[in-house]
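Peer 1: With the input below, show me the fold.
(one chain, ligands or ions: 2)
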Amino acid sequence: MAEPFGDRVSLVVFGASGDLAKKKTFPALFGLFREGQLPSTVQIVGYARSNLSDEEFKDRIRPNLKLRNADKSKIDEFLSLCSYMHGPYDEDSGYVELLDKCVAYEKKHNVAVPERLFYLALPPSAFATVCRFLKKHLNSESGLKTRVIVEKPFGRDLQTFRELQENLSPLFTEDELYRIDHYLGKEMVKNLLVLRFGNEFLGAAWNKNHIKSIQISFKEAFGTQGRGGYFDTIGIIRDVMQNHMLQVFTLLTMERPVSFDPEAVRDEKVKVLKAVEPIDPKDVLLGQYSASEDGKEPGYLDDDTVNKDSKCFTYAAFALHIHNERWEGVPIVLRAGKALDESKVEIRIQFKPVAKGMFKEIQRNELVIRIQPDEAIYMKINSKIPGISTETSLTDLDLTYSKRYSDDFWIPEAYEALIRDCYLGNHSNFVRDDELDISWKLFTPFLEALEAADGPKPELYSYGSKGPKGLREFLASHGYVFSDEGTYQWPLTTPNVKGKI
Ligand SMILES: *[C@@H]1O[C@H](CO)[C@@H](O)[C@H](O)[C@H]1NC(C)=O
Ligand SMILES: *[C@@H]1O[C@H](CO)[C@@H](O)[C@H](O)[C@H]1NC(C)=O
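Peer 2: Numbering: from 1, shown residues only. Ligands and ions are numbered 1, 2, ... in the order given. This next block holds a predicted model:
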């Protein structure tokens, strides 16, 4: 693993006047600074094309910097580390100026080996250009320590991903590149390996002998809100499934790495992806939302920024099948949708039924891992109804973070966690090139089949509903059995009355 950066680092954020920088990058840098995780001696430079003064720039980012207590001075302290530069992305001039700025800072503080971190909060069309100029001006000498953070999308299919890779790989090594998939920075996603490999009882049951079916679901309670133009060109599968959900999938299903060493972890992720069967374009559920039933919320096609006859999928569900000893025969369903009844990301692992015999009626165990909102892990178990009853009912073992951990407990936001990891030189939670290659190999033929002119049409579902009508049936056909929702409730709002359920 690379050495951690020290306390004299130039952090340059490209695209500093844009939305991503304003909403994610700078708030994350500030969060780290506030928690003492970013030295107060670094220099932070925002770079973009807009002609802004330092003050105008700071006024733009200030509103999104969040305090955890009333210590307002932290914000000013942080902003005093920041400055702004404007310049083009595709000409030497700005980069020459940027180099001067870095060199001046490094000279002033007698830095022997310059350490520079570049964060590209830019659309992918600009990656290659910016990297070329960065290489030419700011990373031309050997012995420099450089890290470059880039964000998805990493291509839109196998070919475009490989083109991007061909442009970047001669410039920066895999060790220098940090590809963010912000799901890997989420607390519960980071917890998956500990949960699986740090608990004997879960580890022992984590296979086809005990697990019947798995679902990874992503639900958003809002639509494109008039900004569907970009979404219309990619759809839900590229937006969240090929990346975020697939990351959750690999962490959930990979074999035990020899250690937490970043490459050991990433090697295992690649291995399990290689064992996934090509996705069957016939075995899918596809949807597009229409106006809500009361007519108050618009349908997808009412968004002026999308194609009037778009058949873009705003909902998709399909199963992945892994052919290895552990998972043969266990369907793993990924489902994601916009404009649904709630916003929620969770994993549901349903175990096989126990032998009947002594039980007439008994439900399946289910482990639910709630990634957001309100992180929680709960396990549905069967237990005797207390008192004179001899019947069993479903209840749970519940670890809800907000009940277990106080608010004083700082859980870093995904971007905070990831920028910190990059600073420390830890690649564990970043996406490696071969991982992307395999995931695009898996998804490209599938997407091509779905997006072909004679491909399937999405079924309409109304805004605010649970999604396409066939969902229950689709899940049932992949081994998932719905528990008796009449008696079981989580989280429990009022305790059950003794003897009754
Ligand atoms: C940037 O704005 C300043 C102040 O408004 C102005 O003096 C300067 O000429 C502008 N620079 C460019 C390159 O447009
Ligand atoms: C790198 O990050 C992973 C995941 O967060 C962690 O488990 C591991 O201990 C880290 N490695 C080092 C050397 O800090």
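Peer 1: what about the stretch 51-200 of the chain, any weak spots by pLDDT?
Peer 2: For the stretch 51-200 of the chain, no stretch has pLDDT under 70.
Peer 1: That one against ligand 2: which residues are in contact?
Peer 2: Neighbours of ligand 2 within the stretch 51-200 of the chain, by C-beta under 6 Å from any ligand atom: residue 190. Where C-beta positions appear, they are placed from N, C-alpha and C, glycine not excepted.
Peer 1: how about a cut-off of 8 Å?
Peer 2: Applying C-beta under 8 Å from any ligand atom, we find that the stretch 51-200 of the chain lies next to ligand 2 at 190, 193.
Peer 1: Please enumerate the helices of the stretch 51-200 of the chain.
Peer 2: Per DSSP state H, counting those that start in this stretch, the stretch 51-200 of the chain carries helices over the ranges 54-61, 73-79, 92-108, 127-133, 158-168, 187-197, 200-205.
Peer 1: same check, this time on the stretch 301-450 of the chain
Peer 2: Using DSSP H, counting those that start in this stretch, helices in the stretch 301-450 of the chain cover 401-404, 414-424, 433-451.
Peer 1: outside of the shortest one, which residues touch it?
Peer 2: Among residues not part of helix 401-404, those counted as contacts by C-beta atoms under 8 Å, 6 or more residues apart in numbering are 187, 374-376, 411.
Peer 1: In JSON lines, list the residues you listed along with neighbour count and distance to residue 213.
Peer 2: Output for those, formatted as JSON lines (neighbours: other C-beta atoms under 10 Å; distance: C-beta to C-beta, whole Å):
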{"residue": "187", "neighbour count": "15", "distance to residue 213": "25"}
{"residue": "374", "neighbour count": "12", "distance to residue 213": "24"}
{"residue": "375", "neighbour count": "20", "distance to residue 213": "23"}
{"residue": "376", "neighbour count": "21", "distance to residue 213": "20"}
{"residue": "411", "neighbour count": "13", "distance to residue 213": "30"}
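Peer 1: Just the ones of these in strands?
Peer 2: If you go by DSSP state E, the contacts of helix 401-404 have residue 376 in strands.
Peer 1: Closest one of the contacts of helix 401-404 to ligand 2?
Peer 2: Nearest to ligand 2 out of the contacts of helix 401-404 is residue 187 (C-beta to the nearest ligand atom; 10.7 Å).
Peer 1: on that earlier part again, show me the one of the helices of the stretch 301-450 of the chain that comes nearest residue 351.
Peer 2: Nearest to residue 351, of all the helices of the stretch 301-450 of the chain, is helix 401-404, at 23.3 Å by C-beta to C-beta.
Peer 1: mind checking pLDDT for the residue at the greatest distance from the centre of the chain?
Peer 2: Among residues of the chain, the one most distant from the C-alpha centroid is residue 388; the distance is 47.9 Å, by C-alpha atoms, centre = their mean. Looking at residue 388, its pLDDT stands at 85.
Peer 1: now the one 4 residues further on
Peer 2: Looking at residue 392, its pLDDT reads 85.
Peer 1: okay, now it: neighbour count?
Peer 2: Residue 392 has 16 neighbouring residues, counting by other C-beta atoms under 10 Å.
Peer 1: partner residues bridging it?
Peer 2: residue 384 (DSSP bridges).
Peer 1: Contacts only, for the residue of the stretch 1-150 of the chain found nearest ligand 2.
Peer 2: Ranked by C-beta to the nearest ligand atom, the top residue of the stretch 1-150 of the chain for proximity to ligand 2 is residue 1, at 5.3 Å. Contacts for residue 1 were tallied using C-beta under 8 Å, 6+ apart; they are 261-262, 425-427.
Peer 1: hang on, the earlier thing: and of the helices of the stretch 51-200 of the chain, who's closest to residue 443?
Peer 2: Nearest to residue 443 among the helices of the stretch 51-200 of the chain is helix 158-168 (8.2 Å), distances taken as C-beta to C-beta.
Peer 1: Counting neighbours, which bits of the closest one end up buried?
Peer 2: By 16 or more other C-beta atoms under 10 Å, the buried positions in helix 158-168 come out as 158, 161, 164-165, 168.
Peer 1: list the contacts for residue 136?
Peer 2: So residue 136 contacts 92, 95 (C-beta under 8 Å, 6+ apart).
Peer 1: rerun that using 10 Å as the cut-off
Peer 2: Counting by C-beta atoms under 10 Å, 6 or more residues apart in numbering, residue 136 makes contact with 92, 95-96, 99, 171.
Peer 1: And for residue 121?
Peer 2: Counting by C-beta under 10 Å, 6+ apart, residue 121 has contacts 13-26, 46-48, 149-151.
Peer 1: Drop anything exposed from the residues you listed.
Peer 2: Buried by 16+ other C-beta under 10 Å: 13-18, 20-22, 24-26, 46-48, 149-151, out of the contacts of residue 121.
Peer 1: Return the per-residue confidence for the closest residue to residue 37 other than its chain neighbours.
Peer 2: Nearest residue to residue 37, sequence neighbours excluded (C-beta to C-beta, 6 or more residues apart in numbering): residue 420, at 5.5 Å. pLDDT for residue 420: 96.
Peer 1: thought residue 420 was touching residue 36?
Peer 2: No - Residue 420 is not in contact with residue 36 according to C-beta atoms under 10 Å; the separation is 11.2 Å.
Peer 1: the more surrounded of those two?
Peer 2: Neighbour count, other C-beta under 10 Å: between residue 420 and residue 36, residue 420 has more, with 21 against 8.
Peer 1: Can you give me the domain assignment for the chain?
Peer 2: By the assignment in automatic domain parsing, the chain contains the domains 10-151, 185-477.
Peer 1: and residue 114, what is it in contact with?
Peer 2: 8-10, 102-103, 105-107, 138-139, 141, 143-146.
Peer 1: Oops, could you answer that again for residue 494 instead?
Peer 2: By C-beta under 10 Å, 6+ apart, residue 494 lies in contact with nothing.
Peer 1: do you know how far it is from ligand 2?
Peer 2: Relative to ligand 2, residue 494 is positioned 39 Å away (C-beta to the nearest ligand atom, to the nearest Å).
Peer 1: repeat for residue 471
Peer 2: Distance from residue 471 to ligand 2, by C-beta to the nearest ligand atom: 34 Å.
Peer 1: Tell me which helix or strand the closest residue to that residue other than its chain neighbours sits in.
Peer 2: Leaving aside its chain neighbours, residue 471 sits nearest to residue 285 (6.4 Å; criterion: C-beta to C-beta, 6+ apart). Assigned by DSSP states H and E, residue 285 falls within strand 284-290.
Peer 1: Who does that strand pair with, and is each partner parallel or antiparallel?
Peer 2: strand 315-320 (antiparallel), strand 459-462 (parallel).
Peer 1: quick check: angle from that strand to helix 433-451?
Peer 2: For strand 284-290 against helix 433-451, the angle by axes from the mean of the first three to the mean of the last three C-alpha atoms, to 10 degrees is 70 degrees.
Peer 1: Enumerate the residues of the stretch 251-400 of the chain near ligand 2.
Peer 2: Contact residues of the stretch 251-400 of the chain with respect to ligand 2, defined by C-beta under 8 Å from any ligand atom, are listed as 260-262, 265.
Peer 1: Next step: these restricted to helices.
Peer 2: When DSSP state H defines the helices, the subset of those inside them is 262, 265.
Peer 1: What's the local residue count around whichever residue of the stretch 51-200 of the chain sits closest to ligand 2?
Peer 2: Nearest to ligand 2 in the stretch 51-200 of the chain, going by C-beta to the nearest ligand atom, is residue 190, at a distance of 5.6 Å. Applying other C-beta under 10 Å, we find 18 residues neighbouring residue 190.
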